[in-house]
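In: what follows is a predicted structure for the sequence shown.
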Amino acid sequence: MPVRVQADDFDITAEIAALRSKRTNVGAVASFIGVMRDFNDGSGVSELTLEHYPGMTEKALDQILDEARSRWSLIDALIVHRVGRMLPADQIVLVVTLSAHREAALAACGFVMDYLKTRAPFWKKERTPVGERWVDARTADDTAAERWHAGEGA
Amino acid sequence: MPVRVQADDFDITAEIAALRSKRTNVGAVASFIGVMRDFNDGSGVSELTLEHYPGMTEKALDQILDEARSRWSLIDALIVHRVGRMLPADQIVLVVTLSAHREAALAACGFVMDYLKTRAPFWKKERTPVGERWVDARTADDTAAERWHAGEGA
Amino acid sequence: MATVDLLYFARLREAFGIERERLALPGAVATTGDLRRFLAGRGETWARELDPTRVIRIAVNHDLAEADRPLADGDEVALFPPVTGG
Amino acid sequence: MATVDLLYFARLREAFGIERERLALPGAVATTGDLRRFLAGRGETWARELDPTRVIRIAVNHDLAEADRPLADGDEVALFPPVTGG
């Protein structure tokens, strides 16, 4: 269940091939790529800088994959998250989940993204026509992450 | 919103690049690849033959993407489904959905797969150690497709 | 007299040993449900595969149809087992 | 006396003009909540950024922590705004 934080871009075909290597029990590969848009919160965005907390980031991503594995029957999973400067249309994050069946792969992929959005220490700073600004956390992301708690405990 | 039925394999990086071409409003790319396993319903499977209904297949896939577009805000979407003979670990189907936000892309990707599994005229025949057999439709697939009806009408 | 093109897929194609046929509809066959019952009357294999307890899908002109769907001259009618793609 | 390493990220790092510091904890600072209130007492920028109405996350040794989390000698304590990756 690898996680990687890197400045370099990634290739989804190569990443999936590496995960699937020599395995013939995989029936479902779900994936998600987060991409930089040229527009956010009502402004054009020309550049993005992604900061993170080295050490905690890897631990948080590992914990998210562990949690996903405890909830669904996964054969393997991957998170690649880029840091540094990015331009519109650049790939930012990749999540891939492998399972025997599609239900587990798709649900786990959505779960990992929801948790990553609220628990992994990354911060985005955008360059807009009126200057730089830190991106505000979306309330929608907290709501998305919270739905996975439904049915837990009280 | 392209759909393709083909004997040839596909490359997810190339397919995503073609869909994203020149678009800078895409924030989320969700995708699913269905892969041939070497084991199904308690038997080893050494080969798969996929039959389809030319003409109806393309129409059914178009309708599924139209339905997805009516439910979520999608920038584009793609279905590629292979037919003919396949071996374990071969890719069978690809679904890609593009949206500004991940919620729409991920939900639409799952929806398309659920509907495809119950509405698109494909049939699988497996070669096992004891001979060939037609794959039976899974009740789980009907259940998965039906959940999208919740809240519709009565 | 109404004539339809019948297509069979997957297990039905193999069981009937036929891929397609043109059929002049008998007067009593007005719907897809009537057609299924008519074909089931052709004999053992047909009766077994089209028995009411077997789940069979019928498409008319490339759209899935219910058993009460009326048939018209020139329709393309396909009979097949539940689909298993993806 | 307990000493902790403090790290600041994103908007907090820029606002405080500091990336990390080593802090000998005053006797009254036993938890992450105490620490936040102590740092808010450093003056205008600190008071504004760490005001109780502002949502701030605190991690201790790379794990997100609640305000009642006790601090120990050698802890690495990070303060940052809600995360916005992905």
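Out: Arrived safely.

In: how near is the closest residue to C:T3 other than its chain neighbours to C:A67?
Out: Here the nearest residue to C:T3 in space, its sequence neighbours aside, is C:A24; by C-beta to C-beta, 6 or more residues apart in numbering or on different chains that works out to 5.1 Å. Just so you know, the C-beta spots here come from the backbone N, C-alpha and C atoms, and that holds for glycine as well. To C:A67, C:A24 is 21 Å away according to C-beta to C-beta, to the nearest Å.

In: mind checking which of those two has more residues around it?
Out: Between C:A24 and C:A67, counted using other C-beta atoms under 10 Å in any protein chain shown, the more crowded position is C:A67 (13 against 10).

In: so who does the more buried one touch?
Out: By C-beta atoms under 8 Å, 6 or more residues apart in numbering or on different chains, C:A67 lies in contact with C:31-33, C:36, C:58.

In: redo that, cut-off 10 Å
Out: Contacts for C:A67 (C-beta atoms under 10 Å, 6 or more residues apart in numbering or on different chains) come out as C:31-37, C:56, C:58.

In: return the subset of these lying in helices.
Out: C:32-37 (DSSP state H).

In: filter those residues to the buried ones?
Out: C:32-36 (16 or more other C-beta atoms under 10 Å in any protein chain shown).

In: on that earlier part again, JSON lines please, covering the ones in helices among the contacts of C:A67 and showing pLDDT.
Out: Shown next, in JSON lines, are these (pLDDT from 0 to 100):
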{"residue": "C:T32", "pLDDT": "98"}
{"residue": "C:G33", "pLDDT": "97"}
{"residue": "C:D34", "pLDDT": "98"}
{"residue": "C:L35", "pLDDT": "98"}
{"residue": "C:R36", "pLDDT": "98"}
{"residue": "C:R37", "pLDDT": "97"}
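
In: which residue ranges of the chain form helices?
Out: Just so you know, I chose chain A. A:12-20, A:56-71, A:102-119, A:139-146.

In: that's the other chain; I wanted chain C
Out: Along chain C, counting by DSSP H, helices occupy C:10-16, C:32-40, C:44-49.

In: how far does stretch A:109-124 sit from its chain's centre?
Out: Computed by C-alpha atoms, centre = their mean, to the nearest Å, the chain-centroid distance of stretch A:109-124 equals 6 Å.

In: how about that stretch, does it reach chain D?
Out: Yes: using C-beta under 10 Å from any C-beta of the partner chain, we find that stretch A:109-124 touches chain D at A:112-124.

In: and of the contacts of C:A67, the nearest to chain A?
Out: C:I56 (25.4 Å; C-beta to the nearest C-beta).

In: relative to B:A89, how far out is A:D41?
Out: With C-beta to C-beta as the criterion, A:D41 and B:A89 are 43 Å apart.

In: find the nearest non-adjacent residue to A:W134, please.
Out: Take A:W134 and drop its neighbours on the chain: the residue closest to it by C-beta to C-beta, 6+ apart is D:R11, 4.7 Å away.

In: which ones are touching the one you found?
Out: By C-beta under 10 Å, 6+ apart, the neighbours of D:R11 are A:51, A:123, A:125, A:133-136, D:49, D:54, D:56, D:80-81.

In: ok, now which ones touch the closest residue to chain A within chain C?
Out: Per C-beta to the nearest C-beta, C:G86 is where chain C lies closest to chain A, at 7.6 Å. Contact analysis of C:G86 by C-beta under 10 Å, 6+ apart lists A:27-28, A:102, B:32, B:34, B:79, B:81, B:92-93, B:95, B:112-118, B:120, B:122, B:124, B:141.

In: which ones are touching the closest residue to it other than its chain neighbours?
Out: Spatial nearest neighbour of C:G86, chain neighbours left out: B:K117 (4.4 Å); criterion: C-beta to C-beta, 6+ apart. B:K117 makes contact with A:102, B:34, B:93, B:137-138, B:140-142, B:144-145, C:82-86, according to C-beta under 10 Å, 6+ apart.

In: and C:A15, how many neighbours?
Out: Using other C-beta under 10 Å: C:A15 sits among 15 other residues.

In: so it sits against C:L39, correct?
Out: No: between C:A15 and C:L39 there is no contact under C-beta atoms under 10 Å: 11.7 Å.

In: overlap in contacts of the two?
Out: C:8, C:46, C:49-50.

In: of those residues, just say which sits nearest to chain B.
Out: C:Y8 (10.3 Å).

In: name whatever forms a beta bridge with A:S99.
Out: A:A28 (DSSP bridges).

In: tally of neighbours for it?
Out: Residue neighbour count, defined by other C-beta under 10 Å, stands at 24 for A:S99.

In: from A:D66, how far off is it?
Out: If you go by C-beta to C-beta, the gap between A:S99 and A:D66 works out to 16 Å.

In: what pLDDT is listed against the closest residue to C:D51 other than its chain neighbours?
Out: Leaving aside its sequence neighbours, C:D51 sits nearest to C:A40 (C-beta to C-beta, 6+ apart; 6.9 Å). According to the prediction, C:A40 has pLDDT 98.

In: equivalent analysis for the one 3 residues further on, please.
Out: The per-residue pLDDT reported for C:G43 equals 92.

In: ok, the one 3 residues further on next?
Out: Predicted confidence (pLDDT) at C:W46: the value is 98.

In: check the one 3 residues further on too.
Out: At C:E49, the pLDDT value in this model is 97.

In: any idea how far it lies from A:S73?
Out: Taken as C-beta to C-beta, the span from C:E49 to A:S73 is 36 Å.

In: who's more crowded, those two?
Out: C:E49 (19 against 12).

In: pLDDT wise, what is the residue lying closest to the more buried one once chain neighbours are set aside at?
Out: The shortest distance from C:E49 to any non-neighbouring residue, by C-beta to C-beta, 6+ apart, is to C:A15 (5.0 Å). Note for C:A15: predicted pLDDT of 97.

In: how about the strands in chain C?
Out: With DSSP state E, the ranges of strands along chain C come out as C:3-8, C:20-24, C:57-60, C:63-65, C:76-80.

In: mind giving me the packing neighbours of the shortest one?
Out: Right, the one you point to is strand C:63-65. Judged by 3 or more C-beta pairs under 10 Å, 6 or more residues apart in numbering or on different chains; DSSP states H and E, the packing partners of strand C:63-65 are helix B:56-71, strand C:57-60, strand C:76-80.

In: cool, the first one as well?
Out: Using 3+ C-beta pairs under 10 Å, 6+ apart as the contact test, the elements touching strand C:3-8 are helix C:10-16, strand C:20-24, helix C:32-40, strand C:76-80.

In: and the end-to-end length of stretch A:130-150?
Out: 41 Å (C-alpha to C-alpha, to the nearest Å).
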